[in-house]
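1. Need coordinates for the below:
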Amino acid sequence: MFEFDSEQMSQMIDTYVIPWGINIVMAILIYIIGKIVVGIIVNLLGKVMKRSKYDDMLVDFIKAIANAILMLFVIIASLNELGVNTTSLVAILGAAGLAIGLSLQGSLQNFAAGVMLLVFRPFKSGDFIEAGGATGVVKSISIFTTVMTSGDNKEIIVPNGQIYGGTITNYSAKETRRVDMIVGIGYDADLKRAKEVLKEMVAADSRILQDPAPTVAVAELADSSVNFVVRPWVKAADYWGVKFDFTEAVKLRFDQEGISIPFPQMDVHLHKDPE
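-> Numbers count the residues shown, from 1 in each chain. Below is the predicted model:
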C-alpha cells in the first residue's frame, strides 16, 4: 500500500485535485449555461420564423438543426475545458460528416429540396398538383418526401428532389379556372343555331362566371366536323362538375334541336372483278 504524508497529500491536492476539480466544475457550468443560452436562441429563432408564417414542420426542423449545431459547440467547449484535444475531435467529426454526406447524396438532395419546398411553398396541403410525374391532392409535405392522394384514392409518395427539380403545376393556386371544351357539329347542321344553343347553355349554368366572359366560337373546319371552342370560367372547385355536366347537356340538347354530332365513318366500296 502507498503511504502519503501530509505534505505529499497537500501537494497532490494542489497539483491534481484542485485544478481538475475547477476544470470539471467549469466544464459543467459551461454545459449548463450553454444549454440555457442555446434554448433561448432556438426559441427566439422559432418565434421569428412563426411570425414570418413559415410552415410549422419547417420551423420545428430548423429549430432541431440549430439546437444540435449549437449544442455541439457547447459540448466541444466543455471538453476543451477538461483538456480534451477538440481539434482532433472536430477533424474526426468533419471526416465522418463528409463520408455520410457522400453515401447519402440522394437523401441530401431530397432534404435540400424539401427545405426549399417548405420555404417557398409552391403548393400546400390540400392543393391539387401535377409534379414529379404524379398527379393528386397534396396530403403532407415532409423534409424528404411529399405524399399525394390520387383521384382514385391511391397514396403516392414522391421524393422531394424529383418534385423540385421538375415542373410543378398547381391547379389550386388560383380561385378560378377556364374549362376548355371542343364541340363538333356536322357540316350539314345549322351553324348559327348551334352557336346560339351553346351560348344559351353557358348562360343558363349558374356555376359559370360572367367575368371573365365565356367564349363560344368556331375554331376549326375539321375533316368531318365544324368544331366550336367553348371556354367558360368557373371557380376551381366547380371545374370537373361543369365539364362533365356540360358535355352531357350538349348531347341531350343537340338531340332535341336536331343538330348532328359527327363521328368517324368509313365508306367501303366493293368492286366485283368481271369474270
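
2. Grab the nearest non-local neighbour of Gln109.
-> Gly161 (4.3 Å; CB to CB, 6 or more residues apart in numbering). C-beta: built from backbone N, CA, C; applies to glycine.

3. which SSE is that neighbour in?
-> helix 160-164 (DSSP states H and E).

4. If you count contacts, what does that helix end up packed against?
-> When contacts are defined as 3 or more CB pairs under 8 Å, 6 or more residues apart in numbering; DSSP states H and E, helix 160-164 sits against helix 105-120, strand 145-149.

5. mean pLDDT for the ones you listed: which is lowest?
-> Among those, helix 105-120 has the lowest mean pLDDT, at a mean of 78.

6. For whichever helix or strand comes after it, list every residue counted as buried.
-> Using DSSP H and E, the helix or strand that follows helix 105-120 in sequence is strand 128-131. Going by neighbour count (16 or more other CB atoms under 10 Å), the buried part of strand 128-131 is 128-129, 131.

7. Pipe the residues you listed into JSON lines and attach distance to Met49 and pLDDT per row.
-> Formatted as JSON lines, these follow (distance: CB to CB, whole Å; pLDDT from 0 to 100):
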{"residue": "Phe128", "distance to Met49": "28", "pLDDT": "92"}
{"residue": "Ile129", "distance to Met49": "24", "pLDDT": "93"}
{"residue": "Ala131", "distance to Met49": "25", "pLDDT": "93"}
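
8. Can you tell me which of those residues is nearest Asp180?
-> Asp180 lies nearest to Phe128 out of those, by CB to CB, at 16.9 Å.

9. Show me what that closest one is bridged to.
-> Beta-bridge partners for Phe128, by DSSP bridges, are Val137.

10. can you pull the contacts of it?
-> Residues near Phe128 by CB atoms under 8 Å, 6 or more residues apart in numbering: 135-138, 170-172.

11. How about Asn160?
-> Counting by CB under 8 Å, 6+ apart, Asn160 touches 110-111, 113-114, 117, 141-146.

12. try 6 Å
-> Shown in contact with Asn160 (CB atoms under 6 Å, 6 or more residues apart in numbering): 110, 113-114, 117, 146.

13. max-length helix in the protein?
-> helix 18-51 (DSSP state H).

14. All the strands of the protein, residue numbers only.
-> Along the chain, the stretches classed as strands by DSSP state E are 128-131, 134-141, 145-149, 155-159, 169-170, 176-178, 181-185, 208-209, 215-221, 226-231, 233-235.

15. Can I get the ones you listed in a markdown table including distance to Val250?
-> Listed next are the strands of the chain as a markdown table, based on distance: least, CB to CB, whole Å:
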| stretch | distance to Val250 |
| --- | --- |
| strand 128-131 | 25 |
| strand 134-141 | 26 |
| strand 145-149 | 31 |
| strand 155-159 | 33 |
| strand 169-170 | 27 |
| strand 176-178 | 17 |
| strand 181-185 | 6 |
| strand 208-209 | 14 |
| strand 215-221 | 11 |
| strand 226-231 | 8 |
| strand 233-235 | 16 |
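
16. ok so, going back, rebuild the helices and strands packed on helix 160-164 as a markdown table, extending it with mean neighbour count.
-> Listed next are these as a markdown table, based on neighbours: other CB atoms under 10 Å:
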| stretch | mean neighbour count |
| --- | --- |
| helix 105-120 | 16 |
| strand 145-149 | 21 |
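
17. Now render these as JSON lines, adding distance to Glu200.
-> As requested, those are exported to JSON lines (distance: least, CB to CB, whole Å):
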{"stretch": "helix 105-120", "distance to Glu200": "45"}
{"stretch": "strand 145-149", "distance to Glu200": "38"}
